[in-house]
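Novice: Model the structure of this input:
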Amino acid sequence: MKRSYRDWRIHGISILFAAVPVAFAAVRAVRTGYDFRYLWVALASLLGASMVMVVGAVTSRRPNNAAALSAGVFVIATLLAVLAAWLLGIRVGPGSLVVGSGFGFCCAASCALYVLARP
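Specialist: Just a heads-up that it's a prediction; the model follows:
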C-alpha cells in the first residue's frame, strides 16, 4: 500500500521527535567538550523504545493501539534512561527524573506518530 503525503509528513515528524534526545545530548557534549553522559542516557532511552516497539508490533492503525504502545514506550524508555543515568554515577533525583521522562516522552510521541503514519 502506498503512503499518502500526510503519512509521510507524520512519519517525518516522528523521526524528529526521536532525534530530539540525541540532539539535546549532542548540544550538551559540544558545549561542555567532555560531558557525554546525556548521549548514553539518550541511547538507552531509544534502545528501550525500540525494544517495546519490536515486541509490541501493532498490525492496525487504531488510536487505542497507538496509545497503549506509546504508554509502554514511555515507561520503559524513562526507566532505562534513569537506569543509565544512575549507572553513570548521576544521583537519582528530580533532575534525572525530569531528563529521563523528557527523553521518554519524546520516544513515546515518536512511537505514537509512527504507528498512526503506517499505511
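Novice: Just the C-alpha atoms of stretch 33-47, please, in CSV.
Specialist: Provided in CSV are the C-alpha atoms of stretch 33-47 (Å, rounded to 0.1, in the frame of the first residue of the first chain):
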residue,chain,number,x,y,z
GLY,A,33,33.5,19.4,25.5
TYR,A,34,33.7,16.4,27.8
ASP,A,35,30.2,15.5,29.2
PHE,A,36,28.9,12.7,27.1
ARG,A,37,26.6,11.3,29.8
TYR,A,38,23.4,12.5,28.2
LEU,A,39,24.4,10.8,25.0
TRP,A,40,24.4,7.4,26.8
VAL,A,41,21.1,8.3,28.5
ALA,A,42,19.5,9.2,25.2
LEU,A,43,20.8,6.0,23.6
ALA,A,44,19.5,3.9,26.5
SER,A,45,16.1,5.6,26.1
LEU,A,46,16.0,5.0,22.4
LEU,A,47,17.0,1.4,22.9
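Novice: how about the helices in the protein?
Specialist: For the chain, the helices defined by DSSP state H occupy 5-32, 37-55, 63-87, 94-117.
Novice: now the longest one: how far from the chain's centre is it?
Specialist: Pointing back at helix 5-32 there. Distance of helix 5-32 from its chain centroid, counting by C-alpha atoms, centre = their mean, to the nearest Å, is 10 Å.
Novice: Tell me who's in contact with the residue nearest in space to the middle of the chain.
Specialist: Nearest to the geometric centre of the chain sits residue 107, at 1.9 Å (C-alpha atoms, centre = their mean). Residue 107 sits next to 17, 18, 21, 45, 46, 48, 49, 73, 74, 77 when contact means C-beta atoms under 8 Å, 6 or more residues apart in numbering. All C-beta atoms are positioned from the backbone trio N, CA, C, and that covers glycine.
Novice: what does residue 37 give?
Specialist: Applying C-beta under 8 Å, 6+ apart, we find residue 37 in contact with 85, 88, 90.
Novice: any chance of the helices of the chain in JSON lines, with mean pLDDT too?
Specialist: JSON lines is the format used below for those (pLDDT from 0 to 100):
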{"stretch": "helix 5-32", "mean pLDDT": "92"}
{"stretch": "helix 37-55", "mean pLDDT": "93"}
{"stretch": "helix 63-87", "mean pLDDT": "91"}
{"stretch": "helix 94-117", "mean pLDDT": "93"}
